[in-house]
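>>> pasting the structure only:
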């Protein structure tokens, strides 16, 4: 995993439910802070695209799906615990 | 008309589960379009119950269903379900869908979340499948991931709202503390109790090493239900909930038809035999020929061509056949022809409930019309004391409903003071005919005595008979009572032969007397003839005498006249004198 690789995210949300709105905001803030200029975020509304949610086995919303770089990872929740997200993604808080 | 419509409306408010017994307890099934909660400890049968609800709905009621698995994977659930006769694969894809929703063990989680993703997916699937029923199995697994009680409550209400909107009949299962299934209100999900419309508690306990399962409906909004704990077993068809008596089935058609007991004189004593579909109880000490008597019944039934099931707990089927052949009851031919099915404790075992279920299954598979259970007292052994009574009651109920003639033997306790000891099952009160076999020890002999203690609806003999087993079969003999004592065996034979001799002597004496009388009569006849002859002789003599007297008189007169003529005297002169 090169340091310069681009992080591709899919964020599965449930319309404008509280957790989903929070997750969208948290993810945006996190990316701006730790992955400036090297992230792509796609927001998927499970109510609009249920087939896609099924295909990806999304049961709980919001769920963050990191498709690139490998391995594919899933994080469930509104991403309020930033440290937990960074640990999972393999990013170190002070690295940026 | 109105009643019909009301009933129709009542029926449509319930979604039948198709689970034997459960629909009867709840008066039709689970609340339609509502949520039911099924709680129980590990291994109490929650998954089986809920899956069976879906399988039956899909197969019998045209209600497709979705099974959402939070704990076990759908593959494992399907593999486990293979042991049941559900033919699950037929239903898959179209009528029955599995949705895996197990949280991955290494699931990364950050902060609060909700179940909208799952509901969105389910919504799409439900619309495509026209789903009517849904199961959330082990909901507690996913709820445990939520950070606080408020979040859990929020998600459950979200789920509940969605279900109500979709009009789905739902079963949610939750783990309950195994020790205190009644304390669910104390648990984290206690509030679910108040949210759902129906709550069912499953309980699995072990009493003296015997597994006992119980099911109880804790609440059911807007419906009557049986509030008691009902024992159930998990058999080949899944759940089988035991229910004591069903209205409408309680009064099974009564018949006057008789079936032979297999012993001719016993039939006579009973006024023609047992009633068809009756329950006959044969009690007795070990070795009093209970098995033999029931074997005679089975043999007679098979000879009529009626399919018979012989459940032998004490010994193997082949042993029973061998033993009975020594008294002229040949069952082997019936086994070969397929009319008779022998079952032993190898195929029928477990708790009393389990035995009943196995017996029912075997009887059904065999198309049984006559059933022998030898001995039924086994049901009350080994930790089954509490449930055995109910099992026996249901056994009788079931056999009557199925119009099966039931012959049960029961072992009496030899130590017991009362000779006619009742078993723990209290079956004697429920049985239609009760035959008691007893030993009579007398003059160095042990003989079998048989008496009919009761036989409902039948004039029956009050006398004790001696039961005789020979290689020609079972026969009954009258017993003799002498000086208030009952005689059996050799003493009966002695008494019989003594009586035979007495009869012979009497016959000879009668004959002798007849001959003597004949002789006397003949003698009198001879004497009578002699007297008669003498009488006639006397008569003749008398006539002769009279005649000679008359002729002499005439002669004398003639002589006098002649003398007077000769003397020339007057004729008239002597007459005037």
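Sure thing, it's come through. These figures come from a predicted structure and were not determined experimentally. Residues are numbered from 1 along each chain as shown, chains lettered A, B, ... in the order given.
>>> give me the number of residues near residue B:333?
By the criterion of other Cβ atoms under 10 Å in any protein chain shown, residue B:333 has 13 neighbours. All C-beta spots, glycine's among them, are computed from the backbone N, C-alpha and C.
>>> what about the spatially most central residue of chain A, which helix or strand?
The residue lying closest to the centre of chain A (Cα atoms, centre = their mean) is residue A:64, at 3.4 Å. Assessed by DSSP states H and E, residue A:64 sits inside strand A:63-68.
>>> in chain A, which residue sits closest to chain B?
Here chain A gets closest to chain B at one residue, residue A:14, 2.9 Å apart by Cβ to the nearest Cβ.
>>> so what pLDDT did that residue get?
The model reports residue A:14 with a pLDDT of 86.
>>> hmm, who's touching the top helix by length along chain A?
Criterion DSSP state H: the longest helix present in chain A is helix A:18-34. Under the contact criterion Cβ atoms under 8 Å, 6 or more residues apart in numbering or on different chains, helix A:18-34 has outside partners A:7, A:9, A:11, A:13-14, A:39, A:41, A:43, A:61-62, A:64, A:77-80, A:82, A:85-86, A:91, A:93, A:95-96, B:111-114, B:116.
>>> one more time with 6 Å
A:11, A:13, A:14, A:39, A:62, A:78, A:79, A:91, A:96, B:112, B:113, B:114 (Cβ atoms under 6 Å, 6 or more residues apart in numbering or on different chains).
>>> tell me the buried residues within those.
For the contacts of helix A:18-34, a burial check counting by 16 or more other Cβ atoms under 10 Å in any protein chain shown picks out A:11, A:13, A:14, A:39, A:62, A:78, A:79, A:91, B:112, B:113, B:114.
>>> write out the residues of the stretch 101-250 of chain B neighbouring chain A.
Counting by Cβ under 6 Å from any Cβ of the partner chain, the stretch 101-250 of chain B comes close to chain A at B:101, B:108-114, B:116-118, B:120-121, B:124.
>>> can stretch A:37-49 be said to contact chain B?
Yes: counting by Cβ under 6 Å from any Cβ, chain B has neighbours in stretch A:37-49: A:46, A:47.
>>> now the terminal residues of that stretch, how far apart.
For stretch A:37-49, the first-to-last residue distance is 28 Å (Cα to Cα, to the nearest Å).
>>> returning to that earlier point: quick one: strands adjacent to the next helix or strand after the strand holding residue A:64?
For strand A:63-68, the following helix or strand on the C-terminal side (DSSP H and E) is strand A:73-76. According to DSSP bridges, strand A:73-76 forms sheet pairs with strand A:63-68 (antiparallel), strand B:108-109 (parallel).
>>> among those, which is nearest residue B:14?
For these, proximity to residue B:14 was assessed by Cβ to Cβ; strand A:63-68 is nearest, at 37.5 Å.
>>> give me the neighbour count for residue B:28.
Neighbours of residue B:28 (other Cβ under 10 Å): 19.
>>> please name the nearest non-neighbouring residue to it.
Of all residues not flanking residue B:28 in the chain, residue B:14 sits nearest, at 3.5 Å (Cβ to Cβ, 6 or more residues apart in numbering or on different chains).
>>> please identify the buried residues of the lowest-mean-pLDDT helix or strand in chain A?
The least trusted helix or strand in chain A, going by mean pLDDT, DSSP states H and E, turns out to be helix A:50-55, with a mean of 83. Buried positions in helix A:50-55, judged by neighbour count with 16+ other Cβ under 10 Å: A:50, A:52, A:53, A:54.
>>> residues in contact with it?
Helix A:50-55 is contacted from outside by A:12, A:44, A:46, B:117, B:120, B:121, B:124, using Cβ under 6 Å, 6+ apart.
>>> tell me the secondary structure of the second one, please.
Same thing as residue A:44. Here residue A:44 is recorded as strand under DSSP: H, G, I helix; E, B strand; the rest coil.
>>> quick one, what contacts it?
Residues near residue A:44 by Cβ under 6 Å, 6+ apart: A:10, A:12, A:52.
>>> assess the claim that residue B:99 and residue B:68 are in contact.
Yes: using Cβ atoms under 6 Å, residue B:99 is in contact with residue B:68, at 4.7 Å.
>>> quick one: which of those two has more around it?
When residue B:99 and residue B:68 are compared for neighbours, residue B:68 comes out ahead with 23 against 20, by other Cβ under 10 Å.
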